[in-house]
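1. below is the structure, and that's it, no one-letter string:
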């Protein structure tokens with residue numbers, strides 16, 4: 001982190017949430033926090049000690065929490081491109097200019113990463129964000145290295161590049177500007193209509209076969225979306241974004257993800273149909289996965305918001321994960337296994353065939369166009385000869 005003080009964003013004042021300690025040492029807020037997804041704050045699993053709430057006699061421990069405010073800190077990063085060798089991931093490099101995500105999606109698999117910086121994957125993940133203000137500068141430095149070999153860079157792998165804080169920070173746009181100047185291929189995954197702000201850059205990239213945009217549409221029910229993804233764009237706005245991108249010639253895919261048994265899985269065909277009608281060319285889906293602290297977060301959330309079906313949802317998840325709430329095995333973690341998982345896979349394939357999705361009309365992104373632009377005269381290094 002840098003010494004630059006954090007800034008606070010949004011209405012209200014930062015508050016200490018009323019809480020109680022659970023058996024596993026996590027804390028749970030006393031009630032649902034307006035505009036936030038998490039209902040508990042599991043402690044940092046790497047920490048040697050964890051705080052324990054204490055009632056000092058004022059009777060405030062059980063009070064409902066006040067509205068929380070987002071806090072943004074600044075991180076002095078040394079590099080910006082993250083690389084991976086996972087065999088079931090379709091990219092080998094990514095950029096995340098932010099840590100944490102204000103969208104607050106309760107199911108987000110990236111929540112456990114907040115424990116790496118000593119914060120809770122619960123409410124901290126949604127309210128205590130960090131950003132890398134030098135992201136575009138670092139990216140340009142890495143792309144200019146003589147040893148660099150271009151491959152598509154993925155945006156939106158561990159945090160949404162168009163979460164609300166991007167409106168003021170503009171880091172994603174700065175990154176796209178660098179990639180466009182270098183003719184570097186990029187893929188984007190988001191659940192925000194804010195992607196349309198950068199339509200000018202995306203059109204320029206699309207004209208050279210350098211970009212794919214995926215919109216995550218989890219449900220068409222605005223009430224379910226509000227509870228499950230409290231600060232993300234409404235389903236209707238996401239479909240509008242697909243329509244606008246497609247009309248502008250930007251190749252667009254819909255991500256029906258995650259599919260949650262007995263909660264939104266019945267909407268799969270409707271999501272794919274609405275997205276195809278809006279102009280999406282491709283589609284993908286992911287079965288809900290609950291790694292690390294995401295499992296207790298989701299368990300508490302489903303019990304609070306949908307107590308009538310919580311047991312059925314969790315039982316069906318276990319059916320697809322060999323009796324557990326999560327299976328991190330490569331090749332199985334995104335699709336699950338068993339009768340239900342196989343049926344979901346067949347439903348997806350049939351719907352795509354009927355709707356004309358994933359018909360192979362798009363060529364792989366073009367890496368041959370990569371060409372670092374000349375440095376400004378004042379930045380060029382003088383030669384001895």
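-> Yep, that arrived. Just so you know, these numbers come straight off a predicted model, no measurement behind them.
2. CA atoms for contacts and neighbours, from now on please.
-> Fine.
3. so residue 188 touches residue 213, yeah?
-> Yes. Between residue 188 and residue 213 there is a contact under C-alpha atoms under 8 Å: 4.8 Å.
4. the two - which one has more neighbours?
-> Under the criterion of other C-alpha atoms under 10 Å, the comparison of residue 188 against residue 213 puts residue 213 first, with 24 against 21.
5. mind checking the SS state of that one?
-> Under DSSP: H, G, I helix; E, B strand; the rest coil, residue 213 falls in the strand class.
6. partners of it in the sheet?
-> residue 188, residue 252 (DSSP bridges).
7. so how far is residue 198 from it?
-> As defined by C-alpha to C-alpha, to the nearest Å, residue 213 lies at a distance of 12 Å from residue 198.
8. one more: residue 91?
-> Remark: distance between residue 91 and residue 198 (C-alpha to C-alpha) = 22 Å.
9. over to residue 229?
-> Computed with C-alpha to C-alpha, the distance linking residue 229 and residue 198 is 23 Å.
10. and residue 305, by the same measure?
-> The gap separating residue 305 from residue 198 is 35 Å, by C-alpha to C-alpha.
11. now do residue 313
-> In this view, residue 313 and residue 198 are 38 Å apart by C-alpha to C-alpha.
12. and these two? Which one has more around it.
-> residue 313 (17 against 14).
13. go through the host helix or strand of that one and flag the buried ones.
-> Following DSSP states H and E, one finds residue 313 within helix 310-320. The neighbour-count check on helix 310-320 (16 or more other C-alpha atoms under 10 Å) flags 310, 313-320 as buried.
14. same thing with stretch 363-373?
-> By neighbour count on 16+ other C-alpha under 10 Å, the buried set for stretch 363-373 is 365-367, 370, 372.
15. dump these to JSON lines, plus distance to residue 83 and pLDDT.
-> Below are those laid out as JSON lines (distance: C-alpha to C-alpha, whole Å; pLDDT from 0 to 100):
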{"residue": "365", "distance to residue 83": "18", "pLDDT": "96"}
{"residue": "366", "distance to residue 83": "20", "pLDDT": "97"}
{"residue": "367", "distance to residue 83": "17", "pLDDT": "97"}
{"residue": "370", "distance to residue 83": "19", "pLDDT": "97"}
{"residue": "372", "distance to residue 83": "21", "pLDDT": "95"}
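16. and the two most separated of these?
-> Within the buried residues of stretch 363-373, 365 and 372 form the most distant pair, 17.4 Å apart (C-alpha to C-alpha).
17. skipping adjacent residues, who's closest to residue 194 in space?
-> Among residues not flanking residue 194 along the chain, residue 162 sits closest, at 5.9 Å (C-alpha to C-alpha, 6 or more residues apart in numbering).
18. same question, residue 136
-> Spatial nearest neighbour of residue 136, chain neighbours left out: residue 175 (4.8 Å); criterion: C-alpha to C-alpha, 6+ apart.
19. cool, and residue 220?
-> Excluding the flanking residues, the one nearest residue 220 by C-alpha to C-alpha, 6+ apart is residue 235, at 5.4 Å.
20. and the one you found, what does it touch?
-> Counting by C-alpha atoms under 8 Å, 6 or more residues apart in numbering, residue 235 touches 217-222, 225.
21. one more pass at 10 Å, please.
-> By C-alpha atoms under 10 Å, 6 or more residues apart in numbering, the residues touching residue 235 are 191-193, 216-223, 225-226, 241, 271.
22. please pick the buried ones from these.
-> Of the contacts of residue 235, these count as buried by 16+ other C-alpha under 10 Å: 191-193, 216-220, 225-226, 241, 271.
23. quick check: the farthest pair among the residues you listed?
-> Across the buried ones among the contacts of residue 235, no pair lies farther apart than 226 and 241, at 18.1 Å, counting by C-alpha to C-alpha.
24. ramachandran coordinates for residue 73?
-> Backbone geometry at residue 73, expressed as degrees, to the nearest 10, gives phi -110, psi 160.
25. quick check: bridge partners of it?
-> According to DSSP bridges, the partner residues bridging residue 73 are residue 130.
26. and the strands in the stretch 251-385 of the chain?
-> Using DSSP state E, counting those that start in this stretch, the strands found in the stretch 251-385 of the chain span residues 252-259, 282-287.
27. of all those strands, which one comes closest to residue 83?
-> Short answer: strand 282-287, nearest of the strands of the stretch 251-385 of the chain by C-alpha to C-alpha, at 21.7 Å.
28. next one: residue 264 from residue 132, what distance?
-> 35 Å.
29. my bad, should have said residue 106
-> Distance of residue 106 to residue 132, given as C-alpha to C-alpha: 24 Å.
30. also residue 139?
-> Counting by C-alpha to C-alpha, the gap from residue 139 to residue 132 is 11 Å.
31. neighbour count for the two, which is higher?
-> Higher neighbour count among residue 139 and residue 132: residue 132, with 23 against 18, using other C-alpha under 10 Å.
32. would you check that that one makes contact with residue 73?
-> Yes. Counting by C-alpha atoms under 10 Å, residue 132 does reach residue 73; the two are 8.9 Å apart.
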